[in-house]
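A.B. asks: predicted model and sequence follow; I will ask about them next.
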Amino acid sequence: MQNIIGIETSCDETGVALYNADRGLVGDLVYTQADHAAYGGVVPELASRDHVRKLPGMIRELLDRAEMTARDLDAVAYTAGPGLAGALLVGASTSVALAAALDVPAIAVHHMEGHLLSPLLEDPAPDFPFVALLVSGGHTMLVAVEGFGRYRLLGETLDDAAGEAFDKTARLLGLGYPGGPEVARLAETGDPDRFDFPRPMTNRPGLDFSFSGLKTHTRELVARVAPEDHADVAAGFEQAVAETLAIKCKRALKETRMQRLVIAGGVSANTRLRAELERRLSGRVYYPSLKLCTDNGAMIAHAGWYRRAEANRDGMIAVRPRWPID
Ligand code: KG4
Ligand code: ZN
């Protein structure tokens, strides 16, 4: 199996990429849907329609740029879950149909496994075993990764995901969607120590997270400060999330006696989080490049290559909007 195309449509990014067994990534296109900004969050129906509109043209462009044709593909990997059901179905049906037409197998990929393995696309790549912190708009989890496919959930959020907390805070501050990059930009000019923010669940044992209290705290704070204080609010919030995540990562390494931490998912793009992890765990942290942090087809093509033993020609179009990682 030489050339695998990866197709990602689980949320509001349409991603297509090509992974070659010898050469690694040979193409990667991502389209970020813009329509959702006006609604302050992803509208599932609009997401599905936009994937339908974009996906066929992007596949063609990907192949053209790589100077390949569909006949050069040996397998089609696609995100089968977790994610928005309608959005997943666009990628799954396109992928299974493409595979059938080309008489090659299709490979169903777990979106979070895609994120989890994405730092292995970088140089230097971390060796197994490692602890992975997966932080995105829909998930916040710590996973012990013993080896490929050997995952144990150590902890997860009991309410909001870290990215969701950024998105909700952005809305409170009148910023756009997705909120993470907007909050981070405003926070650059703010003082993270001016206002007190809680570090939820860090004072008791365990590796679970909770971000809804932090959001409530921010809402109450925003209600009593002036607009010119918003940069300090953003910085304080961002610092609280970064420290909370970093404290739990350090604890997870200690409890598992593992040496390496991998972070992935949209929030892993956050520079304050990276700085905080470096400060507490210097030299032991691995990240994907910024381009691979948010949703993309490259991580799906790459995870598909790892999952090649599960490639099949059964022609089933099945998605799993909820799909545990272990
Ligand atoms: O992994 P991802 O692209 O999609 C999901 O699978 O959810 O993650 C998107 C999330 C959004 O909540 C977005 O606000 C957040 O990642 N995000 C960030 C940053 N860039 C994206 N959060 C904090 N700082 C950033 N620089
Ligand atoms: Zn994601």
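C.D. replies: Yep, that arrived. Ligands and ions are numbered 1, 2, ... in the order given.
A.B. asks: when you work out contacts or count neighbours from here on, use the C-alpha atoms and nothing else.
C.D. replies: Noted.
A.B. asks: ok, which residues in the stretch 151-300 of the chain are in contact with ligand 1?
C.D. replies: 163-164, 166-167, 178-181, 184, 265-267, 269-270, 294-295 (C-alpha under 6 Å from any ligand atom).
A.B. asks: mind picking the lowest-pLDDT entry from the residues you listed?
C.D. replies: Note: of these, the lowest pLDDT belongs to P178, at 90.
A.B. asks: secondary structure class for the closest residue in space to that one that isn't next to it in sequence?
C.D. replies: Nearest-residue entry for P178: D167, 6.0 Å, with adjacent residues in sequence omitted and distances by C-alpha to C-alpha, 6 or more residues apart in numbering. Recorded secondary structure, D167: helix (DSSP: H, G, I helix; E, B strand; the rest coil).
A.B. asks: which residues in the protein form helices?
C.D. replies: Remark: helices assigned in the chain by DSSP state H are 44-65, 85-102, 111-117, 162-172, 179-187, 212-224, 230-256, 271-280, 290-293, 298-306.
A.B. asks: pick the most buried one from the ones you listed.
C.D. replies: Burial of the helices of the chain is given as mean neighbour count (mean count of other C-alpha atoms under 10 Å); helix 298-306 ranks first at a mean of 30.
A.B. asks: residues of the stretch 1-150 of the chain that sit close to ligand 1?
C.D. replies: Counting by C-alpha under 6 Å from any ligand atom, the residues of the stretch 1-150 of the chain near ligand 1 are 136-138.
A.B. asks: follow-up on the earlier one: contact partners for the residue nearest to P178?
C.D. replies: Applying C-alpha atoms under 8 Å, 6 or more residues apart in numbering to D167 gives the contacts 41, 177-180.
A.B. asks: reformat those residues as a markdown table; add distance to R308.
C.D. replies: Below are the contacts of D167 laid out as a markdown table (distance: C-alpha to C-alpha, whole Å):
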| residue | distance to R308 |
| --- | --- |
| G41 | 34 |
| Y177 | 36 |
| P178 | 33 |
| G179 | 36 |
| G180 | 34 |
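A.B. asks: so which residue is dead centre in this protein?
C.D. replies: Closest to where the C-alpha atoms of the chain average out (C-alpha atoms, centre = their mean) is G265, at 2.7 Å.
A.B. asks: tell me who's in contact with that residue.
C.D. replies: Applying C-alpha under 8 Å, 6+ apart, the residues near G265 are 115, 134-136, 293-295.
A.B. asks: one more: M58?
C.D. replies: Neighbours of M58 in contact, by C-alpha under 8 Å, 6+ apart: 16, 29.
A.B. asks: H51 versus that one, what's the distance?
C.D. replies: 10 Å (C-alpha to C-alpha, to the nearest Å).
A.B. asks: out of the residues of the stretch 1-150 of the chain next to ligand 1, which is most surrounded?
C.D. replies: S136 (24 neighbours; other C-alpha atoms under 10 Å).
A.B. asks: shouldn't it be in contact with G163?
C.D. replies: Yes. Here S136 reaches G163: they are 5.1 Å apart, a contact under C-alpha atoms under 8 Å.
A.B. asks: overlap in contacts, these two.
C.D. replies: The contact lists of S136 and G163 share 266-267, where a contact means C-alpha under 8 Å, 6+ apart.
A.B. asks: domain map for the chain?
C.D. replies: 3-116+294-310, 128-287 (automatic domain parsing).
A.B. asks: possible to save the residues of the stretch 1-150 of the chain next to ligand 1 as JSON lines with pLDDT?
C.D. replies: Shown next, in JSON lines, are those (pLDDT from 0 to 100):
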{"residue": "S136", "pLDDT": "94"}
{"residue": "G137", "pLDDT": "93"}
{"residue": "G138", "pLDDT": "92"}
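A.B. asks: just the closest of the residues you listed to R260, please.
C.D. replies: S136 (20.0 Å; C-alpha to C-alpha).
A.B. asks: any idea how far L173 is from that closest one?
C.D. replies: From S136 to L173 the distance is 20 Å (C-alpha to C-alpha).
A.B. asks: again with R185
C.D. replies: With C-alpha to C-alpha as the criterion, R185 and L173 are 12 Å apart.
A.B. asks: contacts only, for the nearest residue to V143 once chain neighbours are set aside.
C.D. replies: Closest residue to V143 apart from its sequence neighbours, by C-alpha to C-alpha, 6+ apart: L153 at 4.6 Å. Going by C-alpha under 8 Å, 6+ apart, L153 touches 141-144, 325-326.
A.B. asks: same thing with G41?
C.D. replies: 167, 177-178 are the contacts of G41 under C-alpha under 8 Å, 6+ apart.
A.B. asks: run the last query once more with 10 Å
C.D. replies: Counting by C-alpha atoms under 10 Å, 6 or more residues apart in numbering, G41 makes contact with 12, 35, 164, 167-168, 171, 176-179.
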